[in-house]
Structure formats: C-alpha cells, structure tokens
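Student: Dropping a prediction and its sequence here:
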Amino acid sequence: MNISLKTALKYLLLGAVLLYPLFAFSSEYVLHVMVLIMVYMVLAMGLNIVPGFCGLLDLGYVGFYGIGAYTAGLLTIHFGLSFWVIIPLAALNGAIWGVLLGAPTLRLTGDYFAIVTFGFSELVVLFLTNEIWLTRGPLGLPGIDPVIIDLTWLSTLIHPEWIWYWEFIGLRPYFYLGLIMVALVYVIMSRMEDSRLGRAWFAIREDSIAASSCGVNLLTYKVIGFAISAAIGAVGGAFLARWTMFLSPDMFKFWESFLILCMVVLGGLGNFKGSLAGAAVLIALGEILRIVLPQLGLPTETRFLAYGLIMVLMMRFKPMGFFPAIATQSQKNPILIKLKKELGSSS
Amino acid sequence: MFEQQLINGLTLGMIYALIAVGYTMVYGVIQLINFAHGEIFMLSAFLAVTFITVFGLPIYVVIFMTMGCCALIGVMLDIFAYRPLRQSPRLAALITAIGMSIFLQNLAMIIWGSRPRPFVQEALPAFLRTPALSFGEATVSWLQLTIFGTASLLMIILFLIINKTRVGTAMRALSQNRTGAALMGINVNRVISFTFALGSSMGAVAGIMVAIYYNTLYPTMGYVAGVKAFAAAVLGGIGSVPGAMIGGIILGIAEALGAGYISSLYRDGIAYAVMIAVIIFRPSGILGKSTVEKV
C-alpha cells in the first residue's frame, strides 16, 4: 500500500466531514451552514451544465430552483405526497419548463438566451409573489412537512410489531440526505461528462460549426442540457422546501442566480468538481461577511460587492477557474505520464 | 383615463428609449450586452443629487457634470473590464458585464446607503410640477413636456452624431466589420470608448429624469430600468438606434396601459413578457437584422 500524504489527507478530511454531525461538539449553526453548502453544491453542479459544458450564459437558474421548491411545497401541503415521489415530480416539472423555455430560445445567440433566462426567473418570482390563491404570495408557504421515511409496509410484512417510520427532526438526517443527494448528482454529472451527451456539449462549446458538421444536432443537445440543468435545480429546490419547511418568493430573487453563477465561475467553467469547492468557499465567505459587514456599519447585502469582484477578476485572470479541468486531466493521463518519463530518461 | 395613461406611457417610453440607445450602440459595436449600463443610469441619479446637495450647484450645470462623469465611468468600464477580454469567448465578457453590474450596484449601496431617498426638490424650477396642457381629463405637466423635449433633442443630436460625423461613420463601420474597419485606419479602441461615453451620457440624462419624475432614487433602480431598457432595445431590434427609440416608446406605452388595465402587480412583468415574446417570435425586432444562429 502506498498512499500518498495528499490522498490520505483527502480521505481524512472526507471522513471528518462525514462524521462531523455525530460528534458531541458539533454545533447546530455549523451543521446548518453545511447543509446549505450541500444545497448550493447541487445547484452549482446543475448550473455548470449550461455555461460550463454548453457555453451559454444562464442568468435565471433560480427560476428552476424556485419552481422545484414550490412544486415540492405545494404537493406536500395539498396532497401529502412522500418526499421520494416529490423529487422526481419536481425534477420533471423543472425539466418541462426547461424545455418550454429552451426550445424556442436556444436557436438564438447566447446573449439573447442570457436575457431570456433572466426575464423568466423574474417572471417566476412575480408569479410566486402575486398569485396569492396558490402560493400565499409574500406571506410565504409555511407548514411543509419534513422528510419522512415510511417503511411500515415492509416492516409489518416482516414482523407485525415493527414500525419503520422515521420523521426527520433536526439537522443531522438532512445532513446525510443532502450528502446522498450531492453524491448522486455528482455521479450523474461525472457519467454525463464522459458520455456521448457530454462530448456533444463540449464540442458545441468549443466550436459549434465543427460540432454540427460532425452530426451533433445543436438545438437538441442544448435543449437536453438546459432541461437536465433545470431538473437538477428543481431537485435542489425540492430538498430546500422539505428541509426549511417554509418558502417565500424572496428566497428566489435574482441574487441567488448570481451567487450560483459566481460559484460556478470560481470553481471553473465546465468543471463540476470545482463547483463543489466554489459552493463551499462562497457560502462560507457569505457567512463570514454576514458577521463582519454589520460591524463595519454596512448592510449585509453589500457582500455581493465581493461576489461581483470575484467574477470580474476570475474572468480576467483565471477564466477556466482555479482547477482547469482539461489541464489536470491531461496531466493524469497514464500515457502522458509514461511518455514524460521516457522522454525524461532518454534526454 | 386612457389619454392620461398614454401620456404617462409616452414619457416613460422616452426615458426607456434613452437608456436603450446605450445598450444598442454598445451591442452594435462590440456585440456585448453591457449589463452595467443600468448601473451607470443609477449612478447618474446619485451623482446628480450629491452634486446638488454637497456643492449646491444649479440643476442645469449638474446635468452636464453628471453626463461628463458618467461618460468617464463608461469609458473606464470599457478600459478596465471589457478591453482585456476582447479576444476571449463571449461568455467571459458577459460574465464580466454582469459582475461589474453587481459590483457597481453594491458600491453605490456602500457609498449612499440602501434606503430610497427623494430627489432634491428645491433645486428644481417650481413650474415643473404645474400642469402645462390639459385636454379632457388628461393633463400634461411641464415636467413631462421637459422630459419629452429633452429626450427628443438628445435623440436628434445622437442621430446626427451617428450619421453625419466622422466618429459616427467609424462606429457604423465597426458594427459592420471590426477587422475591416481596423484595416481602414480606424482606431478601434478609441471608437469603442467613444461609444461607451456616448451611451453612458444618454443613460445619465435618463437617470436624472427618472429620479425627478418618480421623486425617488435607490441603488437597485438601475437593475429594473436596465432590463426594461434592454427589452426595449430587443423590441426595436438590437444594434439599431432608431429601433431602440421606437422600442422604448412602445414598451413605455404598453407598460402604462398594461398596469392601468390588466394588473398593476405585473407592471414589471409586462416588460419581461414582451421581451421573451419578441425574442421567441421575432428575434430581429422591429428594425433589426436577423440574429438566428444559422449553424
């Protein structure tokens, strides 16, 4: 066994994060921030598909987040559906809106797409605020049930007195549920990246003329990308709804889209692993600024000054983020490593 | 009622048109949606109020000073943010634009605070609030007439600059073919900076007029007005200056009538809906060139 120090540290860190909620000294606040980070990790990975993989700017991602959250919230309140049924329904609803919005507009140049997505997310917020009969408007939507794992049908089958019924209370179950969600999205993303779909997206991003002459149907692949991205955003929203148990239109303002975009940019466009780091760094930074800024006598909203600056500077100096995906992958390529060794030994 | 809404809409539309011109000129020249343009509009209102309250200058001087300052901000924005990215993919420039917009907005929040404040009414001539004309139930105030007149005058000046001067010819050349223009001896960067300066000074006048018209200014005002003006630019056909004027007026009237007759809750939504509908059904707008990606 030869595990390098770096890998060992990596696993140690992962283990520490995994076990953190079980320690006695774990604070509710840190757990809350960690669950929040996980929600944003999912969103950042989902958003990365559109600007990162397809090279289109999506300024309205929060619209799908909001659609997913309100879908989950309303279905829970009015129909009492289980979390496990709601997740696919929310994802489906997000994807439907993604297709409806994407199919007519993705034919146009990227600039138009950016502004249409922005307008869409603003319309979603206006709808959520004004259609009081459905969403209760600015009052918000309280009283959403927490996540429930109900396996009584199975347990009573095995033994009539066993009741496997577990209602999520506190943050710890959500921490692990969020972790599962992040892991699942991560696996889906990494599978997609190397699939036919991912290669088509990269081809569109790098050179759409070449891609279409190689038989990639630009519109179809862009719409698929946008719909998948929307579906992932909706899943994040559904999780948020069942976790916070309260929704209000203010949670889905344009700022959120911008924050998620900033995470993607910080982590590197087209590098969904970087988005994980971007989400963690920016949420942590946001929490720090939330404490620091009032002490300087500034409103907490001004933390977006830092986010704006981050985006401008990243685009200027590190347009592919701190972990450029292509460069690192080629460095790890065994053929290249072998070639380098041979070349090094011969010279 | 209808006439009054029409007049209000027309006033609003003239202001939108002034902002939209800035978007459309920059887009025509460097194919970039300058999201920060709305923030320049907002900064102009704050700068004007600061000049009046701190230095006690008369409004006529303040307007020209603000125009100059905003032109300078626009040029600096181009030099520091967009010029280094001329050769980068468009996505990078777009993200920079949105980043600058958020940056400037929060900078204003830090400098002037986030609460809305009224415009300094004492600095304005008193006759502006009095009605100038009235027919039937509708009245037109001197303020509305002034806005209408100023905006029309600026549009005419802009039209003359673009069509009759050397730099205007250079701008048009640049929008057709940047490489070709550079080969003909046009200083590309200088012309682009001039475009930013021109657009920003138009936005500056619009900012002051909105602040006076609604008697309120706040750091996020540029964001809504910016999107609406962009919608106007899209409606008229992006890249086309007369289109931006027509689009602004149509959008202003549509918004006033929509808010009056459909639902005032969806006042801002009308602009977004118009924009999305135009982009879906007629992306080239009323007067623009075709923009569908053919490949």
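Tutor: Cool, the structure landed. Residues are numbered from 1 along each chain as shown, chains lettered A, B, ... in the order given.

Student: in the helix or strand where residue A:283 lies, what counts as buried?
Tutor: Using DSSP states H and E, residue A:283 falls within helix A:272-295. Under the neighbour-count criterion of 16 or more other CB atoms under 10 Å in any protein chain shown, helix A:272-295 has A:272-283, A:285-287, A:289, A:293 buried. In this view, the C-beta of every residue, glycine as well, is placed from N, C-alpha and C.

Student: Quick one: name the residues of the stretch 101-250 of chain A near chain B.
Tutor: A:104-105, A:107-112, A:114-116, A:118-120, A:122-123, A:126, A:129-130, A:208-209, A:212, A:218 (CB under 8 Å from any CB of the partner chain).

Student: Repeat the analysis, applying 7 Å as the threshold.
Tutor: A:104-105, A:107-112, A:114-116, A:118-120, A:122-123, A:126, A:130, A:208-209, A:212 (CB under 7 Å from any CB of the partner chain).

Student: which residues of the stretch 151-300 of chain A fall in helices?
Tutor: A:152-158, A:172-193, A:196-206, A:208-213, A:218-244, A:254-267, A:272-295 (DSSP state H, counting those that start in this stretch).

Student: CSV for these, including distance to residue B:185 and mean pLDDT?
Tutor: Shown next, in CSV, are the helices of the stretch 151-300 of chain A (distance: least, CB to CB, whole Å; pLDDT from 0 to 100):
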stretch, distance to residue B:185, mean pLDDT
helix A:152-158, 80, 75
helix A:172-193, 47, 88
helix A:196-206, 34, 87
helix A:208-213, 31, 85
helix A:218-244, 38, 90
helix A:254-267, 38, 86
helix A:272-295, 44, 86
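
Student: right, and those helices - which one's nearest residue B:262?
Tutor: Among the helices of the stretch 151-300 of chain A, the nearest to residue B:262 by CB to CB is helix A:254-267 (23.4 Å).

Student: just the angle between that closest one and helix A:272-295, please?
Tutor: 120 degrees (axes from the mean of the first three to the mean of the last three CA atoms, to 10 degrees).

Student: other SSEs contacting helix A:254-267?
Tutor: Contacts defined by 3 or more CB pairs under 7 Å, 6 or more residues apart in numbering or on different chains; DSSP states H and E place helix A:254-267 against helix A:28-48, helix A:61-79, helix A:110-130, helix A:272-295, helix A:303-317.

Student: 6 Å instead?
Tutor: Using 3 or more CB pairs under 6 Å, 6 or more residues apart in numbering or on different chains; DSSP states H and E as the contact test, the elements touching helix A:254-267 are helix A:28-48, helix A:61-79, helix A:272-295, helix A:303-317.

Student: and of those helices, who's closest to residue A:266?
Tutor: helix A:272-295 (3.9 Å).

Student: Straight-line length of stretch A:187-204, end to end?
Tutor: 23 Å (CA to CA, to the nearest Å).

Student: next one: stretch B:20-40
Tutor: Where stretch B:20-40 begins and where it ends lie 13 Å apart, using CA to CA.

Student: Quick check: closest non-adjacent residue to residue A:320.
Tutor: Using CB to CB, 6 or more residues apart in numbering or on different chains and skipping residues adjacent in sequence, the residue nearest residue A:320 is residue A:268, 5.3 Å away.

Student: How many neighbouring residues does the one you found have?
Tutor: 26 (other CB atoms under 10 Å in any protein chain shown).

Student: what are the phi and psi values for it?
Tutor: phi 110, psi 130 (degrees, to the nearest 10).

Student: Now list the buried members of the residues of the stretch 101-250 of chain A next to chain B.
Tutor: A:104-105, A:107-108, A:110-112, A:114-116, A:118-120, A:122-123, A:126, A:130, A:208, A:212.

Student: dump the residue contacts of residue B:11.
Tutor: B:144, B:147 (CB atoms under 6 Å, 6 or more residues apart in numbering or on different chains).

Student: Any buried residues in stretch A:243-252, and which?
Tutor: Quick answer for stretch A:243-252 (16+ other CB under 10 Å): A:243, A:244, A:245, A:247, A:248, A:249, A:251, A:252.

Student: ok, the first one touching residue A:174?
Tutor: Spelled out, that is residue A:243. Yes. The criterion here is CB atoms under 6 Å, and residue A:243 meets it with residue A:174 at 5.1 Å.

Student: Pull the residues that contact stretch B:230-250.
Tutor: Residues contacting stretch B:230-250 (CB under 6 Å, 6+ apart): B:13, B:16-17, B:20-21, B:23-24, B:27-28, B:155, B:251, B:271, B:274-275, B:278, B:284-288.

Student: Secondary structure element for residue B:139, which one?
Tutor: strand B:138-141.

Student: Can you list the strands that that strand pairs with?
Tutor: Using DSSP bridges, strand B:138-141 pairs in its sheet with strand B:131-135 (antiparallel).

Student: ok, residue A:110 - contacts?
Tutor: Neighbours of residue A:110 in contact, by CB under 6 Å, 6+ apart: A:56, A:57.

Student: wait, what's in contact with residue 121?
Tutor: In the absence of a named chain, chain A is used. Here residue A:121 is in contact with A:60, A:62, A:63, A:257 (CB under 6 Å, 6+ apart).

Student: Just among the residues you listed, which is most surrounded?
Tutor: residue A:63 (33 neighbours).

Student: and the gap between that one and chain B?
Tutor: 11 Å (CB to the nearest CB, to the nearest Å).

Student: Excluding chain neighbours, what is closest to that residue?
Tutor: Per CB to CB, 6+ apart, closest to residue A:63 is residue A:121, 3.4 Å.

Student: Which stretches in the stretch 1-150 of chain B count as helices?
Tutor: B:2-30, B:37-50, B:59-77, B:90-112, B:142-164.

Student: Return the distance of the first one from the chain's centre.
Tutor: The reference is to helix B:2-30. 7 Å (CA atoms, centre = their mean, to the nearest Å).

Student: How about the second one?
Tutor: Average the C-alpha atoms of helix B:37-50, do the same for its chain, and the two points are 11 Å apart (CA atoms, centre = their mean).
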